[in-house]
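Student: Sequence unavailable; structure follows:
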């Protein structure tokens, strides 16, 4: 097999997904983008290794371990991250990038963590064992998985960038971070959204949230900042994951006569079922959603059902910035949809990595880490396009309050 050819190495035999662009190398035909992998087939430690077919013989591999959900019930929200990583890797590897006068390309091995803590630990250990030398880890893991794997990464002295987790617990250590994150935190979204609600006279709310670690952190942060914004939470109601019956919960909320309902769910099927029940009950209460409420939900149930719904996120696909519009155009051309909220930070990670290694001038991880700590990265897709990491390793950028506009069929900046 020639240099740069895709290679497959797994602990179990598993079938690759059927959708998206295919790369051909002799008799090998391999899908390099992951969609709906057959349940139970993909092993936790399964790894797929991809580099683009060699464009020039003088390109050297820069080894990346990418740990991210590629199967499981959370793929509705995680798929844009997988696809955006693939798109960025392909773009960068077509030309390569220079570090210290030498040309490199990404050699990425993908590990599935299924958005499950135990699977993430197995995948992390597999990545540490199989990717050598590891120049960088893209730890694009869910919040619970990130927390479960954190100490393993610190003990291994790995430099990792996380584009998915909302939790503040992944980054660090404070003052000398090894673990970095370019995804906004629950706190930022809750802080800005509750301020907005309070300033618009929406002072009483009911929370309806999924009963999971992610849901609990969302409720905790929203309730904390609601108190600071003089917004009263009348009641917090929970539902189990994959629930599609919301009539009873919404009826309870209606009895309390709130100004708004804050709904925290990660799954599109839950969100669609929630809106159907809301519509059937004829409710007119203002809806507010976590950043997980995206254009995909509006396309599935109809924009009229979400008209006026508020959400907070660092990602706004209707932004006129050229970087945003070019990213959306390319994503739509490849995948036929608008990228969800996990897509942009994943896309940005690849370009942050390139910028940081180029500024470091070598693959020395201490120099690379120093650049991450002390550099403002530009021309990015998320936020305002500029990003700087704080002393914990958490990216600092603005969060936007947006509203779903049925007439424009867009999510736009809220008035």
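Tutor: Great, that's in hand. Because the structure is predicted, anything quoted here is derived from the model rather than measured.
Student: For the residue nearest to residue 313 when sequence neighbours are not counted, which three-state class applies?
Tutor: Spatial nearest neighbour of residue 313, chain neighbours left out: residue 291 (4.0 Å); criterion: Cβ to Cβ, 6 or more residues apart in numbering. Where you see a C-beta, it was placed from the backbone N, CA and C, and this is true even at glycine. Of the three states, residue 291 takes coil under DSSP: H, G, I helix; E, B strand; the rest coil.
Student: which residues does residue 291 contact?
Tutor: Contact partners of residue 291, counting by Cβ atoms under 8 Å, 6 or more residues apart in numbering, are 166, 184, 189, 311, 312, 313, 315, 341.
Student: That one and residue 340: what is the separation?
Tutor: 9 Å (Cβ to Cβ, to the nearest Å).
Student: Repeat that for residue 310.
Tutor: Taken as Cβ to Cβ, the span from residue 310 to residue 340 is 17 Å.
Student: Model confidence at the residue nearest to residue 313, what's the number?
Tutor: Per-residue pLDDT puts residue 291 at 92.
Student: Could you do the one 4 residues further on as well?
Tutor: Taken from the predicted model, the pLDDT recorded for residue 295 is 91.
Student: Let me see the contact set for it.
Tutor: Listed by Cβ under 8 Å, 6+ apart, the contact set of residue 295 reads 317, 337, 338, 340, 410, 411.
Student: try it again with 10 Å
Tutor: 303, 306, 317-318, 337-341, 404, 409-411 (Cβ atoms under 10 Å, 6 or more residues apart in numbering).
Student: Likewise for residue 227?
Tutor: 194, 233.
Student: quick one: the helices in the stretch 201-350 of the chain?
Tutor: Secondary structure of the stretch 201-350 of the chain (DSSP state H, counting those that start in this stretch): helices at 213-228, 247-255, 268-280, 295-301, 322-335, 343-360.
Student: just the stretch 51-200 of the chain next, same as before
Tutor: Using DSSP H, counting those that start in this stretch, helices in the stretch 51-200 of the chain cover 75-95, 117-130, 143-155, 186-199.
Student: quick one: which of these is nearest residue 211?
Tutor: Nearest to residue 211 among those is helix 143-155 (13.2 Å), distances taken as Cβ to Cβ.
Student: now that closest one and helix 117-130, what's the angle there?
Tutor: Here the directions of helix 143-155 and helix 117-130 differ by 30 degrees (axes from the mean of the first three to the mean of the last three Cα atoms, to 10 degrees).
Student: So that it lines up with my notes, have the first residue be 214 from now on.
Tutor: Shifting the count to begin at 214 puts that one at helix 356-368.
Student: Show the end-to-end separation of stretch 283-293, please.
Tutor: 11 Å (Cα to Cα, to the nearest Å).
Student: Quick one: distance of it to the chain centre.
Tutor: On the basis of Cα atoms, centre = their mean, to the nearest Å, stretch 283-293 is displaced by 10 Å from the centre of the chain it belongs to.
Student: Next: stretch 306-314.
Tutor: 26 Å.
Student: measure it end to end?
Tutor: Per Cα to Cα, the first residue of stretch 306-314 is 16 Å away from its last.
Student: Next, the buried residues of that stretch.
Tutor: 306, 309, 310, 312 (16 or more other Cβ atoms under 10 Å).
Student: could you dump these to JSON lines with pLDDT and distance to residue 344?
Tutor: Below are these laid out as JSON lines (pLDDT from 0 to 100; distance: Cβ to Cβ, whole Å):
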{"residue": "306", "pLDDT": "97", "distance to residue 344": "17"}
{"residue": "309", "pLDDT": "97", "distance to residue 344": "20"}
{"residue": "310", "pLDDT": "97", "distance to residue 344": "19"}
{"residue": "312", "pLDDT": "98", "distance to residue 344": "18"}
